[in-house]
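Student: below are the sequence and a predicted model for it; my questions follow.
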Amino acid sequence: MKVVSLISTYILLSLVALSTAQYIRPPKRGRISIPSFGRDSSTPAAQQVHVTLAGPNRMKVSWMTMSFNSPSTVEYGVASGVYDSAATGVATSYTYFLYKSGEFHHVILGPLNDNTTYYYRCGGIGPEFSFKTPPPAGPHVPITFAVVGDLGQTEWTQSTIDHIQKMDHDVLLNAGDLSYADFYEPLWDSFGQLVQPIASKRPWMVTQGNHDVEEITFIIGPFISYNTRWPMPYNESSSTSNLYYSFEVAGVHVLMLGSYTGYSQSSPQYSWLQADLAKVNRTLTPWLVAVLHAPWYNSNTAHQGEGDAMMAAMEPLLRQAQVDIVFAGHIHAYERTTRLYLKNPDPCGIVYINIGDGGNREGLATEYINPQPVWSLFREASFGHGEFGVLNGTHAYWTWHRNEDTESVSSDTVWITSLSSSTLNCSVSSSSRIAAAAAASSKEPRDL
Ligand SMILES: [Fe+2]
């Protein structure tokens, strides 16, 4: 009997030890090596292929060729090797000091069927690629987003990409700081090649981060490389800038906002956001989410306050529109908050998720403000990615997957209910909105 008791105690203690074991965080890793920086001059074939949503039932295919005589044409069809449709688009290039880019081709395909795999080739030659279109529009249509930020191109980035590749997602949201080229343009090419295996298969929707600006005052304008390589569907959402736009997919309206262009009440972005939010129909798109780079709420010591001016300007607008979730990057760590408004928990407020832990070379932001604020529900400085799974018009799950070497481990999972289905009175008076917006700092960047 005593032996049985001892064994039981041992098992119990072992279980307690397991449940309280601290995760040992692995160190940052070096930049991954991409042959020829993703600019192979020996081939006329498409390189750095990626796809983007381009309006209802349309997808944009983008790629680079070293040849400037390659046609901007995509042939495609629903059977491998059978291309019964074709589309032609535009080509562009840029120079950056002594760097001369290849030619970037952007071609819009469509109308396309929903939830369908299309096979395609670029420029009239192989290799063949394939992508799957998103689910159909509809308020209760399930859809899964992969969510990343601050990817860069290290071995941890590769780990994150490998994990996403195994995940059955429909659309990827990227919260900015893509390549970490930081003025060394070949790193944009190697980043394009690094992400091609997933970015050629599912639409990548990006917004800009500070590392994407690359402006040299009076010499080189901002976002030259970013805008040339990653044109988003801003025309399709009545925006005049590639730095902010929106799109709708399944039952979700997604705002892609710009942290590094003007955002005050007098800015074009603010006017566009007001007009865009006025068009949102929560009956058709019950979910309303936003993606931006510099977080508005974060309890990490890194970059404190950098999102405050934008938050002061735009938080009332988003709160009034009953935005469900804001995804941000910039801080190289993961954090999730309770619903917040004006720095206080608010059942009608926004869930803030920081997902700037994609794997870049700068490593993790490991220092936190203590004690942990009451509004911070989960925080951890580890590399990883997010999964936002909308099940219907009311319920979605959020899972943060931590990279543990080669494994992707679900480390924070929560159910989220859309505010569109809330029975609370979530209206905000216009006077409080204007008063809060007027507090916006003059530190905002100029309009770009
Ligand atoms: Fe950043």
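Tutor: That came through, no problem.
Student: how much space between residue 104 and residue 120?
Tutor: 17 Å (Cβ to Cβ, to the nearest Å). (C-beta placed from N, C-alpha, C; glycine too.)
Student: what residues does the residue lying closest to residue 65 once chain neighbours are set aside make contact with?
Tutor: Setting aside the residues directly before and after it, residue 65 is nearest to residue 103 in space (Cβ to Cβ, 6 or more residues apart in numbering), at 5.3 Å. With contacts defined as Cβ atoms under 8 Å, 6 or more residues apart in numbering, residue 103 is in contact with 64-68, 70, 91-93.
Student: look up how far residue 210 lies from the one residue in the stretch 1-150 of the chain that gets nearest to the ion.
Tutor: Across the stretch 1-150 of the chain, no residue is closer to the ion than residue 150, which sits at 6.0 Å (Cβ to the ion). The gap separating residue 150 from residue 210 is 10 Å, by Cβ to Cβ.
Student: of those two, who's got more company?
Tutor: Higher neighbour count among residue 150 and residue 210: residue 150, with 29 against 18, using other Cβ atoms under 10 Å.
Student: name the SS class of that one, please.
Tutor: coil (DSSP: H, G, I helix; E, B strand; the rest coil).
Student: which stretches of the stretch 301-448 of the chain form helices?
Tutor: Using DSSP state H, counting those that start in this stretch, the helices assigned to the stretch 301-448 of the chain run over residues 308-320, 430-438.
Student: packing partners of the first one?
Tutor: I take that to be helix 308-320. Packing contacts for helix 308-320, counted by 3 or more Cβ pairs under 8 Å, 6 or more residues apart in numbering; DSSP states H and E, involve helix 268-279, strand 350-355, helix 430-438.
Student: who touches the longest one?
Tutor: Under the criterion Cβ under 8 Å, 6+ apart, residues 237-241, 243-244, 246, 255, 257-258, 261-264, 313-314, 317, 320-321, 447 lie in contact with helix 268-279.
Student: buried sites along it?
Tutor: For helix 268-279, burial by neighbour count (16 or more other Cβ atoms under 10 Å) applies to 268-270, 272-273, 276-277.
Student: what about the helix or strand following it, distance to the chain center?
Tutor: Next along the chain after helix 268-279, taking DSSP states H and E as the criterion, comes strand 287-291. On the basis of Cα atoms, centre = their mean, to the nearest Å, strand 287-291 is displaced by 11 Å from the centre of the chain it belongs to.
Student: circling back to that earlier point, ok, of the buried residues of helix 268-279, which one's closest to the ion?
Tutor: residue 269 (18.3 Å).
Student: can you list residues touching both of residue 150 and residue 210?
Tutor: 176-177, 330.
Student: just the buried ones from those residues?
Tutor: 176-177, 330.
Student: filter those by proximity to the ion?
Tutor: When contact is defined as Cβ under 5 Å from the ion, those meet the ion at 177, 330.
Student: now tabulate the buried ones among the shared contacts of residue 150 and residue 210 in TSV and tack on distance to residue 26.
Tutor: Formatted as TSV, these follow (distance: Cβ to Cβ, whole Å):
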residue	distance to residue 26
176	25
177	21
330	22
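Student: which of the buried ones among the shared contacts of residue 150 and residue 210 fall in strands?
Tutor: Nothing among those maps onto strands, per DSSP state E.
Student: got a list of what the most centrally placed residue in the chain touches?
Tutor: Most central in the chain under Cα atoms, centre = their mean is residue 174, positioned 1.7 Å from the mean C-alpha point. Residues in contact with residue 174 (Cβ under 8 Å, 6+ apart) are 148-149, 151, 204-207, 291.
Student: the residue lying closest to residue 198 once chain neighbours are set aside: neighbouring residues, count only.
Tutor: Spatial nearest neighbour of residue 198, excluding adjacent residues (Cβ to Cβ, 6+ apart): residue 165 at 5.2 Å. Residues near residue 165, counting by other Cβ under 10 Å, number 13.
Student: so residue 165 is in contact with residue 197, correct?
Tutor: Yes. Contact status for residue 165 versus residue 197: in contact at 6.4 Å, counting by Cβ atoms under 8 Å.
Student: state whether residue 159 is indeed within a helix.
Tutor: Yes. Residue 159 forms part of a helix when assessed by three-state DSSP.
Student: that one is in contact with residue 382, isn't it?
Tutor: No. Look at residue 159 against residue 382 with Cβ under 8 Å: they stay out of range, at 11.3 Å.
Student: for this protein, what lies in contact range of the ion?
Tutor: 177, 209-210, 330.
Student: how near is the closest residue to residue 129 other than its chain neighbours to the ion?
Tutor: When the adjacent residues along the chain are set aside, residue 129 lies closest to residue 200, with 4.7 Å between them (Cβ to Cβ, 6+ apart). Noted for residue 200: a distance of 25 Å to the ion, by Cβ to the ion, to the nearest Å.
Student: identify the residues contacting residue 200.
Tutor: 49-51, 129-131.
Student: hmm, 7 Å instead?
Tutor: 49-51, 129, 131 (Cβ atoms under 7 Å, 6 or more residues apart in numbering).
Student: any low-confidence regions in this protein?
Tutor: Within the chain, the stretches with pLDDT under 70 are 1-25, 405, 428-444, 446-448.
Student: and it, what are its domains?
Tutor: Domain segmentation of the chain under automatic domain parsing yields 44-132, 143-438.
Student: winner for burial among those domains?
Tutor: Counting by mean count of other Cβ atoms under 10 Å, domain 143-438 has the highest mean neighbour count of the domains of the chain, with a mean of 20.
Student: please list all residues in contact with the closest residue to the ion within the stretch 51-200 of the chain.
Tutor: When distances are taken as Cβ to the ion, the stretch 51-200 of the chain reaches nearest to the ion at residue 177, 4.3 Å away. The contact partners of residue 177, taken as Cβ under 7 Å, 6+ apart, are 149-150, 209-212, 293, 329-330, 360.
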